[in-house]
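build the 3D model from these lines:
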Amino acid sequence: MAWWGRHDSLISYCNQLGVKAVQDEGLGEYYANPADRWAGKTINYGGKQIAIAEFTKLTNKNGIAYGIHTLCEFLQSHCSDVSPVPNDSLCLVLRTKIVTDVSASDTAICVADTSWLNEHGTWHCNKLNVLKLGKELMTYEGVTTTKPYTLIGVKRGAYKTVAQSHKSGTQLGKLQMNCYNGFVPDMNLQDDYANYYAKLLIDGGMNYVDFDGQESFMYQGHGTYSVKRFYRELFTKFKEKGGDYLRVMGSGVMDGNWLYMSNSNIGGGNHMFNPETNQWGIEGKDVRNVNRNSFIPPSFGIQNFNPNWSVQTIENLQSTAIAWDAMYMLGISENSVEKCKDKYAIFKVFKAWENARAAQVFSKELKEEMQCATNHYHIEQLDKKSWKLYQVSATGEQMNPRILKKK
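Down below sits the predicted model:
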């Protein structure tokens, strides 16, 4: 489940729906920062703001895995490994040297080599170039192509670093940017961030995490080895610190994270799957086919609860997810749920599907039948081990009942 807004009803909704894991989208994207680990993120519960660790004591007691939406290794400008003193293990695109002494105010800086200096460091629309010289960061626009090779448009002391004097021959490095105008760690610093996240999860009482932005593993140039190394270190440190089972969701499927992730968080909305029409969107079809061929569940992404949904709409969502062995997050808030006149009926049937799925009562043949978008279904739970499944006609008539039993 994806959650927004105040948290008073979160546990109650999860229990009514039969949901066992929650991602707190309402807290916003989380960016790592060793100097301010929690970034002021607290839980709105019981009319006051409480710490995440205080809230997870309640969710864990109810068997609900609570976690946050992180941007993995995206080290933004506010990160203490960037500012005010940049870490020497920020990932570099290139290394060269300055060829003259530079004072703290000089902007005419000459370099030994122009390789890659005239290419933008991040997405073409951002056109951001950042250099690291000693413990100073600076931005620039380009470099002359004839000697003396001189940087153009230099701005000293970027990102609240201190402009300093530097001796000729000092290494100048161009930083690898991420696609959000931030930075990434090199392989050594990445190990520290695996440990950082393990401790964050343990201290926050969390046993679930979403790692968005997993392209940050690729920037170091070590391919999927970087992915495997991060996850191996994360799981090792999590266990060493007293953690048990850790559920991970991530942004994409690749060799390395495939070994550790439960599912991927790509997309959402009608372009993935439209529960009202019971139709896959074009992106949903593509993700479905890629994931199934990679032996990982397909995804609908986030499907935000609409207070105007009918009971049949939620049955379409659940039956199609089961038919394709797909996963998704149901986007929920108190505001949306309490506006829905059919909320109790919707919650009841949602949980019936969840329980039936957990009991594995759907045969391969039945799942293949349910994959047809023109087929609609209704389910009723009879007891702890049996359910009655109906087909639903275009006019809403329930027909052809079948008894499904847990073996």
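
okay, and the helix or strand of this protein with the least pLDDT?
Sorting the helices and strands of the chain by mean pLDDT, DSSP states H and E puts strand 263-264 at the bottom, at a mean of 78.

same for that strand, what does it pack against?
Here strand 263-264 touches strand 247-250, going by 3 or more CB pairs under 8 Å, 6 or more residues apart in numbering; DSSP states H and E. C-beta coordinates here come from the backbone N, C-alpha and C atoms, glycine included.

for the strand it packs on, packing partners?
strand 208-211, strand 263-264.

partner strands of the last one, parallel or antiparallel?
Spelled out, it's strand 263-264. Applying DSSP bridges, strand 263-264 is found paired with strand 247-250 (parallel).

before we move on, what about the first one?
Applying DSSP bridges to the sheet, strand 208-211 is found paired with strand 65-70 (parallel), strand 247-250 (parallel).

list the buried residues for the helix or strand that comes right after it?
Using DSSP states H and E, the helix or strand that follows strand 208-211 towards the C-terminus is helix 224-240. Of the residues in helix 224-240, 226-231, 233-235, 237-238 count as buried by neighbour count, 16 or more other CB atoms under 10 Å.

for helix 224-240, name the packing helices and strands.
Of the remaining helices and strands, those touching helix 224-240 by 3+ CB pairs under 8 Å, 6+ apart are helix 187-203.

now the helices: where do they sit in the chain?
For the chain, the helices defined by DSSP state H cover 10-17, 52-61, 187-203, 224-240, 282-293, 311-323, 334-337, 343-358, 364-370.

what residues does the fourth one touch?
Under the contact criterion CB atoms under 8 Å, 6 or more residues apart in numbering, helix 224-240 has outside partners 73, 187, 190-191, 193-195, 197-199, 201-202, 214, 217-218, 220, 222, 246, 248, 254-257, 259-260.

phi and psi next, for the residue nearest to the spatial centre of the chain.
With distances taken as CA atoms, centre = their mean, residue 212 lies nearest the centre of the chain, 2.8 Å away. As for residue 212, its main-chain torsions (degrees, to the nearest 10) stand at phi -80, psi 170.

and the pLDDT at the residue nearest to it when sequence neighbours are not counted?
Nearest residue to residue 212, sequence neighbours excluded (CB to CB, 6 or more residues apart in numbering): residue 251, at 4.5 Å. The score at residue 251 is 84. That number is its pLDDT.

contact partners for residue 251?
Residue 251 neighbours (CB under 8 Å, 6+ apart): 72, 211-215, 264-266.

cool, and residue 394?
Residue 394 neighbours (CB under 8 Å, 6+ apart): none.

cutoff 10 Å now
374, 376 (CB atoms under 10 Å, 6 or more residues apart in numbering).

ditto for the one 10 residues further on
Contacts for residue 404 were tallied using CB under 10 Å, 6+ apart; they are 356, 359-363, 366, 379, 381-382, 385-389.

tell me how far it lies from residue 383.
Distance, residue 404 to residue 383, by CB to CB, to the nearest Å: 12 Å.

so for residue 305, which of the helices of the chain sits nearest?
Nearest to residue 305 among those is helix 334-337 (5.0 Å), distances taken as CB to CB.

so what's residue 136 bridging to?
Here residue 136, judged by DSSP bridges, has bridge partners residue 133.

now residue 279. Nearest residue, chain neighbours left out?
residue 373 (5.6 Å).

ok, how many other residues are close to the one you found?
14 (other CB atoms under 10 Å).

ok, it touching residue 275?
No: assessed by CB atoms under 10 Å, residue 373 is found out of contact with residue 275, at 11.2 Å.

find the residues that touch each one of those two.
The contact lists of residue 373 and residue 275 share 316, 320, where a contact means CB under 10 Å, 6+ apart.

quick one: low-confidence parts of this structure?
Regions of the chain meeting the criterion pLDDT under 70 cover residues 123-125.

show me the domain layout of it.
Using automatic domain parsing, the domain ranges for the chain come out as 2-75+188-361, 92-175, 370-405.

just say which of those domains is most tucked in.
domain 2-75+188-361 (a mean of 18; mean count of other CB atoms under 10 Å).

end to end, how far does that domain reach?
End-to-end distance of domain 2-75+188-361 (CA to CA, to the nearest Å): 26 Å.
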